[in-house]
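Participant: okay, sequence plus prediction incoming.
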Amino acid sequence: MGLNEDIAALEAVPTFAGVEREALRLIAFAAESRILRAGDVLFRRGEPADGGYLVRSGAIALDARDDGSPTDHVVGPGVLIGELALFAETKRPATAIAREPSSVTKLPRSILRRVLVEFPDVAVHLRAIFAERLNGIAADLAAVRRSLLSIER
């Protein structure tokens, strides 16, 4: 795929929506494409994570149990797997296996760090996105807590 298609794919990911095009160009230029056959393992639970993967085509099953039982969590095109690994050292929380022929684009953490240094506005943008998500999670947890407290009474 060409650079412009890679940039367009990044723009469609909510995390990168609104990020300036030159920053996306840098990410796309450093990204690595990978083709998977059905059954290929993209990564295993517990492995060190050095970046995220953007699913470009196909379907990837994510199995946190890693016990051989079927998983219901399958993601497809446009989904960013391992978003946290783009910004922090972490381990893979699940095993990712291609359910069908698939293609992914690896986004290395090192390039995201470079983007944050070279494009400070991107850092501000991402901070706002993550703050909004955390506020939503906090509100959801508060609602669950209130619900549980009302059941106990």
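Facilitator: Sure thing, it's come through.

Participant: strands along the protein, start to end?
Facilitator: Counting by DSSP state E, the segments of the chain that form strands are 32-36, 41-43, 48-49, 51-57, 60-63, 74-75, 80-81, 90-91, 95-98, 102-108.

Participant: in its sheet, what does the fifth one sit against?
Facilitator: Each strand that pairs with strand 60-63, with its direction, by DSSP bridges: strand 74-75 (antiparallel), strand 95-98 (antiparallel).

Participant: tell me the confidence at Ala88?
Facilitator: The per-residue pLDDT reported for Ala88 equals 92.

Participant: tally up the residues packed near it, please.
Facilitator: 8 (other Cβ atoms under 10 Å). In this view, the C-beta of every residue, glycine as well, is placed from N, C-alpha and C.

Participant: please apply the same query to Leu116.
Facilitator: For Leu116, the count of nearby residues is 17 (other Cβ under 10 Å).

Participant: now the helices for this protein?
Facilitator: With DSSP state H as the criterion, the chain has helices at 3-11, 21-30, 109-118, 120-152.

Participant: quick one: buried residues of the last one?
Facilitator: What it means is helix 120-152. 122, 125-126 (16 or more other Cβ atoms under 10 Å).

Participant: same thing with the third one?
Facilitator: Judged by neighbour count using 16+ other Cβ under 10 Å, the buried positions of helix 109-118 are 109, 111-112, 115-116.
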